[in-house]
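[1] Pasted the sequence and its predicted model underneath.
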Amino acid sequence: MENALSPETRRKLLELQQDEINSYHTYNRLAKKISDPANSKTMKAIAAQEMKHYNIWKKYTGMDLKPKMGKVHFFVMLSSVFGLTFGVKLMELGEEAAQKAYAEIMAEIPEAQEVMREEEEHEDELLEMINEEGLKYAGSVVLGLNDALVELTGALAGLTLAFQNTRLIALTGLITGISASFSMAASEYLSQKNEAVEDASERQDPMKSAVYTGIAYIITVIVLILPYLLFQNYLVALGFTLLNAILVIMVFNYYISVAKGLNFKRRFLEMALISLGVAVISFGVGFVVNSIFGISI
């Protein structure tokens, strides 16, 4: 049967076949790491479906492929470090790209349409089964990050020209940041405690929400202040602080965009423009304080 295939179709089939065997081994390994029996069973069922698709393509190509274990280990490691949702969604993004090939081979491979339907169904099944605490409290993490980035980036930019001393700027920023993190955590605790949510599965524990918000804030504070502890030149330190702010925004928004299926570019640009915009305004305020009023420390 494989001899009747065009060279291009055969190439695409081999790529699809490789993806299926990789996914089969990845899902099987992830199933062993999931503590919830129902979720583990679902993952094993999806792995079995991947093997079924592998055998369909094998029937056409006549080749038996080995899994690329480097890719398998990578996605398993990614899921262990950043959560099952992120690892699986990132892997599914690759499968979405592979699904584009199905429409191109349907004329020669009638079963491609059925495989594509099953792939779409198992993606929906994955979305329904995964319920991770980290994503449940993503809103609290966003709150901590957003507030720390906007407030502290602006404060550090203003303090840079007002103080012109990296150690003093770092000390002031650290005190301000830690105090603000406790304030934000307390506000989130009270907010969640007084929020009425009808769906019990969507209800957040006020204390956990506060902890997620506070930790996200403190981590951001450390990342932003670090350049002032490493460099003597206050302008160089400010430059690296702004760069760190952009990196934090980029990494976090990529994670959330993949895990929750949101638009990365729009979220990244919005958050970056707000944070840097506040920093520019605060830098101008520092310039006014330092130059016009002659106030310098």
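    Perfect, thanks for sending it.
[2] and the residue nearest to Asn146 when sequence neighbours are not counted, what element?
    Nearest in space to Asn146, with sequence neighbours left out and distances taken as Cβ to Cβ, 6 or more residues apart in numbering, is Met271 at 6.8 Å. Placement of C-beta: from N, CA and C, glycine included. Element membership for Met271 (DSSP states H and E) is helix 264-291.
[3] That helix: how far from the chain's middle?
    23 Å (Cα atoms, centre = their mean, to the nearest Å).
[4] hang on, the earlier thing: residues contacting the residue nearest to Asn146?
    Neighbour list for Met271: Asn146, Leu149, Ile249, Asn253 [criterion: Cβ atoms under 8 Å, 6 or more residues apart in numbering].
[5] quick one: which of those residues is nearest to Gly277?
    When those are compared for distance to Gly277 (Cβ to Cβ), Leu149 wins out at 11.4 Å.
[6] Quick one: residues contacting the closest one.
    Thr220, Leu224, Ala245, Val248, Ile249, Met271, Ser275.
[7] Kindly recompute the last result at 6 Å.
    Residues in contact with Leu149, defined by Cβ atoms under 6 Å, 6 or more residues apart in numbering, are Ala245, Ser275.
[8] still on that earlier bit, next, check the contacts of Met271 against the helices and list the overlap.
    Cross-referencing the contacts of Met271 against helices under DSSP state H gives Asn146, Leu149, Ile249, Asn253.
[9] so which of those residues is the most crowded?
    Compared across the ones in helices among the contacts of Met271, Leu149 has the highest neighbour count, 28 neighbours, by other Cβ atoms under 10 Å.
[10] quick one: the residue nearest to Met116 when sequence neighbours are not counted from Lys12, how far?
    With Cβ to Cβ, 6+ apart as the criterion, Met116 has its nearest non-adjacent residue at 4.2 Å, and that residue is Tyr102. To Lys12, Tyr102 is 9 Å away according to Cβ to Cβ, to the nearest Å.
[11] Quick check: which element contains Gln18?
    helix 7-33.
[12] circling back to that earlier point, kindly reformat the ones in helices among the contacts of Met271 as a markdown table containing pLDDT and distance to Gly173.
    Output for the ones in helices among the contacts of Met271, formatted as a markdown table (pLDDT from 0 to 100; distance: Cβ to Cβ, whole Å):
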| residue | pLDDT | distance to Gly173 |
| --- | --- | --- |
| Asn146 | 77 | 17 |
| Leu149 | 81 | 13 |
| Ile249 | 85 | 18 |
| Asn253 | 82 | 23 |
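[13] which of Tyr102 and Lys12 has more neighbours?
    Lys12 (22 against 19).
[14] Which pLDDT does the model give that one?
    On the pLDDT scale, Lys12 is placed at 84.
[15] how deep is the closest residue to it other than its chain neighbours tucked in, by neighbour count?
    Spatial nearest neighbour of Lys12, excluding adjacent residues (Cβ to Cβ, 6+ apart): Ala101 at 4.7 Å. Ala101 has 18 neighbours, counted by other Cβ under 10 Å.
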